[in-house]
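K.L.:
Give the three-dimensional model of this entry:
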Amino acid sequence: MCSGAKSQNRPKLYGPIVPNKIADKYVSAQYQNIGGYLGYRLDVNLEKRLLKIDSATLLSGFKKRPGAQTWIGEHVGKFLFSASKTYAYTHDARIKHLMDDMARKYIACQMPDGYLGTYLYQDRWTAWDVWAHKYAIIGLLNYYSVTGYKPALETAERAADLICRTFGDEKGKRDLMLAGEHNGLAPGSILEPMVDLYRYCGNKRYLDFCKYIFRAYEDPNGPKIISQLEKYGDVTKVGDAKAYEMLSCFLGILKYYKLTGEGKYLSLLQTAWTDITTNRLYITGTASDHEIFKPTGDLKAENENDMGEGCVTVTWIQFNLQLLQITGEPKYAEELERSVYNHLLAAENPQTGCVSYYTALQGAKPYRCDQGYSCCLSSVPRGISLIPEMIGGKINGVFTVLMFENGEANESIIADDHSKISLKVKSVTKFPVEGKVDFIINPSISKTFTLAFRVPQWSENFMANVGKGAWSAQKGQLLSITRKWHAEDVVSITYDMPVQVLPGGSSYPNRVAIKRGPQVLAIDLGLNHQITSLNNVTFTKSSRDIMDASSALPGDWDWKEAFYLDMSINDIPQKVVMVPFSEAGQKTANLEVWINR
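P.N.:
Predicted coordinates for the structure are as follows:
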């Protein structure tokens, strides 16, 4: 960790002024000093991606309109989102300086009528123009939330005012659904920042525009999000099934639900979640083939399938995080863990910070290093910047651990006697290498209260010990411990992470994948010089036996996690090195997740 670059004082946060009618059941503790695997990858994201961003490249389309590419206008907003979240966690002066400079130059690019896109006047509101304004408002609001810089909020308002003047179902206004791609899914996703902006400034104009968006969804030119989910419960029936844009609309619908309390929207999107997890989700926690939701069970995973678009992975993570906040249900944390430990981190090369637009499970990862062109190269850092919000916090007022990583959290809680106390929780672990974590509990005063811990679906023999007491709970549930806690009490949690053999389903009927804990493993050809072709490797019954192979990793692989498994190569039993899919292929070697059996 770059501890020298961090301050111990969190930035002051500037939040909304309009409360939601539906209060969050999960409130993140905003973990600090995250170590271990997630801390390592958070540092990679900061040092090798975000701090390498060139503001001139991202601002070029605004400085000289039109931009070189139709959606070039989205990248500044995406960067401000990532940088703001990262600054809230790291307090790093370098990322603060970079985002301050970017924000001020960006604000100066706004035209007098509020336009903050990269198109010529005569070409406005075609293709990706509204979409870029969506990310403009999102980025500026996130920047304002950690800096309080009022011009950022005012710039977002002026951009939104232009959108409201331009689109609507009143006479003389444009149809929002015709101002972008994918049956209105792309422009319709501006719902999310419009809800946020209403909450930040209370201007009824933005709330009215949100209501218009819902009407437009169901118009002849719209994607029919609500009616199609009500009728079919199948995301492939919504719009043109474009996954990223649809999930982006879902984010806005959930925020509108929280704001207004209109209950049908939550149940509909929970139906969509069930459809995706049951029928369209890869084992690594992503979706999409050629960027769309495919028919049930169609989960081809080669590079030629353009599977696992990075933008889809990140928006799927945001969708689950919102559902976790709304419901407090651990199943959403399970999906967050699956996506983060696998497909999200697999999309960013830990050696270079370069990013994969698509990240297939078979073949070489096609990492790229460009800026201001490829949407996913700006999205993946956004997903990584959200990690500190997922590790734990309060669920219905109870401090709850959701991910088992090194880190520190400071919270205020209510003890059983209704007194308010401060609580510090520090975790120490080598997870995901081993299944043991110690939590050091420090209440400001000895009191009786409850702590809770998520019991992962992948775990076996999950046990929590405090002093002479022991607790256990079923997989997928929360384990609650109520007792009188004293300073320096330690909760020691142990669990087994047995090898799981996952069937390839209809897409890979004669293959299996190997999973250990939350991590899907992969064969990296660059680590197995005895293998001339991955097609010659076969899974055997003894492949469930796993041994440490970290010494087989090259010196420049910073994360030392690898395992020997016995397999068959050309019908000869041999040891094969497997590494987490998230780490595999960092030197562009071919890799394989689905192994012959």
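K.L.:
What does the pLDDT read for the spatially closest residue to Ala584 that is not a sequence neighbour?
P.N.:
Distances taken as Cβ to Cβ, 6 or more residues apart in numbering place Ala522 nearest to Ala584, at 4.0 Å, with adjacent residues excluded. C-beta coordinates here come from the backbone N, C-alpha and C atoms, glycine included. We note a pLDDT of 98 for Ala522 in this prediction.
K.L.:
what about Ala522, how many neighbours?
P.N.:
27 (other Cβ atoms under 10 Å).
K.L.:
Likewise for Leu140?
P.N.:
32.
K.L.:
ok, Asp289 - contacts?
P.N.:
Neighbour list for Asp289: 298-300, 305-307 [criterion: Cβ atoms under 8 Å, 6 or more residues apart in numbering].
K.L.:
Try it again at 10 Å.
P.N.:
By Cβ atoms under 10 Å, 6 or more residues apart in numbering, the residues touching Asp289 are 243, 280, 282, 295, 298-302, 305-309, 358, 507.
K.L.:
Generate a PyMOL selection restricted to the buried subset of the residues you listed.
P.N.:
Burial among the contacts of Asp289 is assessed by 16 or more other Cβ atoms under 10 Å; the matching PyMOL selection reads:
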select buried, resi 243+280+282+299+300+301+305+306+307+308+309+358+507
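K.L.:
Out of the contacts of Asp289, list just those in helices.
P.N.:
Ala243 (DSSP state H).
K.L.:
And the average pLDDT for stretch 211-228 is what?
P.N.:
The model assigns stretch 211-228 a mean pLDDT of 98.
K.L.:
Enumerate the positions of that stretch that are buried.
P.N.:
Using 16+ other Cβ under 10 Å as the test for burial, stretch 211-228 gives 212-214, 216-217, 222-226, 228.
K.L.:
Off-centre distance for the helix or strand where Lys211 lies?
P.N.:
Secondary structure from DSSP states H and E places Lys211 in helix 204-217. Here helix 204-217 is found 27 Å from its chain centre; the criterion is Cα atoms, centre = their mean, to the nearest Å.
K.L.:
same thing with stretch 461-478?
P.N.:
With Cα atoms, centre = their mean as the basis, stretch 461-478 stands 28 Å off its chain's centre.
K.L.:
Could you export that stretch as PDB, CA atoms only?
P.N.:
Output of stretch 461-478 as PDB, limited to C-alpha atoms (Å, rounded to 0.1, in the frame of the first residue of the first chain):
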ATOM      1  CA  ASN A 461     -16.900 -25.600   8.200                       C
ATOM      2  CA  PHE A 462     -17.300 -21.800   8.800                       C
ATOM      3  CA  MET A 463     -16.700 -21.200  12.500                       C
ATOM      4  CA  ALA A 464     -16.300 -18.000  14.600                       C
ATOM      5  CA  ASN A 465     -14.600 -18.100  18.000                       C
ATOM      6  CA  VAL A 466     -14.400 -15.400  20.600                       C
ATOM      7  CA  GLY A 467     -12.700 -16.500  23.800                       C
ATOM      8  CA  LYS A 468     -14.300 -19.800  24.800                       C
ATOM      9  CA  GLY A 469     -17.400 -19.300  22.700                       C
ATOM     10  CA  ALA A 470     -18.000 -20.700  19.200                       C
ATOM     11  CA  TRP A 471     -20.600 -19.800  16.600                       C
ATOM     12  CA  SER A 472     -21.600 -21.200  13.200                       C
ATOM     13  CA  ALA A 473     -24.400 -20.500  10.700                       C
ATOM     14  CA  GLN A 474     -25.600 -21.800   7.400                       C
ATOM     15  CA  LYS A 475     -24.000 -20.900   4.100                       C
ATOM     16  CA  GLY A 476     -25.500 -17.800   2.500                       C
ATOM     17  CA  GLN A 477     -26.700 -16.400   5.800                       C
ATOM     18  CA  LEU A 478     -25.400 -13.900   8.300                       C
END
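K.L.:
Now do that stretch, average pLDDT.
P.N.:
Per-residue scores along stretch 461-478 average to 96.
K.L.:
which residues of the stretch 201-350 of the chain score low on pLDDT?
P.N.:
Across the stretch 201-350 of the chain, nothing is flagged by pLDDT under 70.
K.L.:
quick one, helices of it?
P.N.:
Per DSSP state H, counting those that start in this stretch, the stretch 201-350 of the chain carries helices over the ranges 204-217, 225-232, 243-260, 264-279, 310-327, 330-339, 345-346.
K.L.:
Which of the ones you listed sits closest to Val490?
P.N.:
Evaluated over the helices of the stretch 201-350 of the chain, closeness to Val490 peaks at helix 330-339, with 23.3 Å, by Cβ to Cβ.
K.L.:
for that closest one, packing partners?
P.N.:
strand 26-28, helix 264-279, helix 310-327, strand 392-395, strand 398-401, strand 447-454, strand 519-524 (3 or more Cβ pairs under 10 Å, 6 or more residues apart in numbering; DSSP states H and E).
K.L.:
quick one, what contacts the residue nearest to Asp234 when sequence neighbours are not counted?
P.N.:
Nearest residue to Asp234, sequence neighbours excluded (Cβ to Cβ, 6+ apart): Asp275, at 5.7 Å. Shown in contact with Asp275 (Cβ under 10 Å, 6+ apart): 229, 232-237, 281, 293, 296.
K.L.:
I'd like the helices of the stretch 201-350 of the chain laid out as TSV, including distance to Ala179.
P.N.:
Putting these into TSV (distance: least, Cβ to Cβ, whole Å) gives the following:
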stretch	distance to Ala179
helix 204-217	10
helix 225-232	17
helix 243-260	13
helix 264-279	23
helix 310-327	20
helix 330-339	31
helix 345-346	34
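K.L.:
Need the winner for burial among these.
P.N.:
Most buried of the helices of the stretch 201-350 of the chain by mean neighbour count (mean count of other Cβ atoms under 10 Å) is helix 345-346; its value is a mean of 30.
K.L.:
Could you point out the helix or strand that follows that helix?
P.N.:
Downstream of helix 345-346, the first helix or strand assigned by DSSP H and E is strand 355-356.
K.L.:
does the nearest residue to Leu46 once chain neighbours are set aside sit in a helix or strand, and which one?
P.N.:
Among residues not flanking Leu46 along the chain, Thr86 sits closest, at 5.7 Å (Cβ to Cβ, 6+ apart). Element membership of Thr86, judged by DSSP H and E, is helix 75-90.
K.L.:
average pLDDT across that helix?
P.N.:
Here the average pLDDT along helix 75-90 is 98.
K.L.:
Show me what that helix is packed up against.
P.N.:
Going by 3+ Cβ pairs under 10 Å, 6+ apart, helix 75-90 lies up against helix 36-44, helix 55-63, helix 93-108, helix 129-147, helix 150-166, helix 375-385.
K.L.:
who wins for proximity to Gln477 among those helices?
P.N.:
Nearest to Gln477, of all the helices and strands packed on helix 75-90, is helix 36-44, at 23.1 Å by Cβ to Cβ.
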